[in-house]
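1. no FASTA, just this:
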């Protein structure tokens with residue numbers, strides 16, 4: 001029985017390596033398993049199951065998969081003996097165990113690995129994004145797939161621009177105003193506002209300049225592509241905004257656009273559209 005007052009299990013807890021064989025994991029040096037059930041659900045008798053994700057240890061993290069940027073994969077850091085070790089989480093590796101089985105097979109978390117409060121917030125955000133990301137009108141999605149060259153659509157070109165400068169980005173928030181849920185006919189344009197929110201906890205000046213440059217590149221891309229009278233997306237505003245200036249009101253009236261998670265590999269099946 002998992003006792004509410006004494007259990008050490010928390011969301012983000014790693015299973016002990018010597019107990020991973022219960023999940024048919026034999027190579028404990030390369031793989032791990034992370035509890036993703038909510039803290040309150042773990043000891044609750046009303047919850048019949050515990051959810052985990054089997055993950056692999058990384059030699060080096062991919063910045064595009066950090067900070068919940070990638071909706072399919074998360075590179076999550078743990079601290080071990082003063083060093084950061086990254087694990088790759090994927091929803092495709094999710095495991096659901098009956099509570100009784102979990103309680104029987106796993107004694108307590110691996111206390112050698114520490115998940116910081118900041119990293120746990122990232123984990124929570126990534127788990128929420130899976131089901132909470134916005135959906136856009138099909139007409140809007142289709143217009144994003146207009147060709148910018150013989151081999152490339154705008155959506156992928158946009159992803160490339162973002163990926164080149166993703167290290168300084170907190171995220172991208174967009175506003176379609178009243179047309180967010182409207183399937184517009186070809187001759188009616190979508191009016192789009194885009195806010196590129198950058199980190200201020202590092203080299204502030206460099207982050208600002210790089211993000212402003214990205215805003216100009218995105219503006220030029222949209223203005224160069226949408227030139228006909230039909231199937232237009234009018235980029236009314238594209239601006240760089242410091243994370244300290246992007247308010248709760250701004251967040252509530254916009255949607256986070258998950259453009260930065262788009263894979264650039266033609267052979268990678270993790271490619272999904274902007275709206276999910």
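-> Structure received. Being a predicted model, the structure only gives us computed values, none of them experimental.

2. so what pLDDT did residue 221 get?
-> pLDDT recorded at residue 221 is 96.

3. residue contacts, it?
-> With contact taken as C-beta atoms under 8 Å, 6 or more residues apart in numbering, residue 221 is in contact with 148, 154, 157, 158, 161. Yep, even glycine has a C-beta here, placed from its N, CA and C like the rest.

4. which of those are buried, as a ChimeraX select command?
-> Command for ChimeraX that selects the buried part of these, burial taken from 16 or more other C-beta atoms under 10 Å:
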select :154,157,158,161
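
5. contact partners for the residue of the chain positioned farthest from its centre?
-> Going by C-alpha atoms, centre = their mean, the residue of the chain most distant from its centre is residue 229, 34.7 Å out. Residue 229 is in contact with residue 187, counting by C-beta under 8 Å, 6+ apart.

6. mind listing what's buried in stretch 197-213?
-> Buried residues in stretch 197-213 (16+ other C-beta under 10 Å): 197, 198, 199, 207, 208, 210, 211.

7. first vs last residue of that stretch, how far apart are they?
-> End-to-end span of stretch 197-213 (C-alpha to C-alpha, to the nearest Å): 13 Å.

8. what about it, distance to the chain center?
-> 20 Å (C-alpha atoms, centre = their mean, to the nearest Å).

9. would TSV of the buried residues of stretch 197-213 with distance to residue 92 and secondary structure be doable?
-> Shown next, in TSV, are the buried residues of stretch 197-213 (distance: C-beta to C-beta, whole Å; DSSP: H, G, I helix; E, B strand; the rest coil):
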residue	distance to residue 92	secondary structure
197	29	strand
198	31	strand
199	30	coil
207	33	helix
208	37	helix
210	33	helix
211	32	helix
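
10. for residue 129, state which of these is nearest.
-> Ranked by distance to residue 129 (C-beta to C-beta), the buried residues of stretch 197-213 are led by residue 197 at 15.6 Å.

11. so who does the residue nearest to residue 179 when sequence neighbours are not counted touch?
-> Once flanking residues are discounted, residue 179 sits nearest to residue 190: 5.7 Å by C-beta to C-beta, 6 or more residues apart in numbering. Counting by C-beta under 8 Å, 6+ apart, residue 190 makes contact with 139, 140, 143, 176, 179, 184, 232, 233, 234.

12. helices of the stretch 51-200 of the chain, residue ranges please.
-> Using DSSP state H, counting those that start in this stretch, the helices of the stretch 51-200 of the chain run over residues 99-105, 117-132, 138-144, 154-163.

13. elements contacting the longest one?
-> Using 3 or more C-beta pairs under 8 Å, 6 or more residues apart in numbering; DSSP states H and E as the contact criterion, the elements in contact with helix 117-132 are strand 73-80.

14. buried residues in the strand it packs on?
-> 73, 74, 75, 76, 77, 78.

15. my guess is the last one meets residue 115, correct?
-> This points to residue 78. Yes. Counting by C-beta atoms under 8 Å, residue 78 touches residue 115, with 5.6 Å between them.

16. distance of the residue nearest to residue 179 from residue 100?
-> 52 Å (C-beta to C-beta, to the nearest Å).

17. for residue 4, see how far away the residue farthest from the centre of the chain is.
-> Residue 229 is 63 Å from residue 4, by C-beta to C-beta.

18. same thing with residue 34?
-> 21 Å.

19. of these two, who's got more company?
-> residue 34 (25 against 11; other C-beta atoms under 10 Å).

20. now do the contacts for that one.
-> Counted by C-beta under 8 Å, 6+ apart, residue 34 has contacts 12, 13, 14, 15, 52, 53, 55, 76, 87, 89.

21. max pairwise distance over these: which two?
-> 15 and 76 (14.6 Å).

22. just the buried residues of strand 73-80 now: which is nearest residue 252?
-> Taking the buried residues of strand 73-80 together and measuring to residue 252 by C-beta to C-beta, the closest member is residue 74, at 24.8 Å.

23. that closest one pairs with what?
-> residue 89 (DSSP bridges).

24. and it, how far is that from residue 232?
-> 35 Å.

25. residue contacts, residue 184?
-> 137, 139, 140, 190.

26. can you list the residues you listed in JSON lines and add pLDDT and distance to residue 167?
-> Below are the contacts of residue 184 laid out as JSON lines (pLDDT from 0 to 100; distance: C-beta to C-beta, whole Å):
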{"residue": "137", "pLDDT": "92", "distance to residue 167": "31"}
{"residue": "139", "pLDDT": "94", "distance to residue 167": "33"}
{"residue": "140", "pLDDT": "94", "distance to residue 167": "28"}
{"residue": "190", "pLDDT": "96", "distance to residue 167": "29"}
